[in-house]
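> My questions are about this predicted structure, shown below with the sequence.
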Amino acid sequence: MSERRPSVFGDRYQPDVTGDRPPPPGRQALLLAALCVGLLLMGVQLWLLTIALDLYLGGAGGRIWLLALISGVVFVGGLLALWLLSRQPRRVD
């Protein structure tokens, strides 16, 4: 049953229809897939950080710029995924 809340138009009540609608088909699977990919990308970034730190402490600090660039690309990819997931699907009426 929908929760009733007061309207800005006085004592009339309007139902809260946003809570009653189920998510679009496939939305939960899409979010779960995005979560798995995000966790995988975080693991890759941690691995890149470990390699970069090992190279830096080993005296090969000039070679870590490529790893920093790859990590930046992974970060931008994560931001792009967040942007794509925050978009609302078009309603077909």
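Cool, got the structure.
> what about the residue positioned nearest the centre of the chain, helix or strand, and which?
The residue lying closest to the centre of the chain (CA atoms, centre = their mean) is L82, at 3.5 Å. Assessed by DSSP states H and E, L82 sits inside helix 65-86.
> Can you give me the buried ones in that helix?
For helix 65-86, the buried set under the neighbour-count rule, 16 or more other CB atoms under 10 Å, comprises 67, 71, 78. Glycine gets a C-beta too; all of them are placed from N, C-alpha and C.
> Could you list the low-confidence segments of this structure?
Counting by pLDDT under 70, the chain contains low-confidence ranges at 1-20, 89-93.
> What are the contacting residues of stretch 77-93?
Stretch 77-93 is contacted from outside by 24, 27, 30-31, 34, 37-38, 41, using CB atoms under 8 Å, 6 or more residues apart in numbering.
> let's see 6 Å
Applying CB atoms under 6 Å, 6 or more residues apart in numbering, the contact partners of stretch 77-93 are 24, 34, 41.
> Return the subset of these lying in helices.
Judged by DSSP state H, helices contain the following of the contacts of stretch 77-93: 34, 41.
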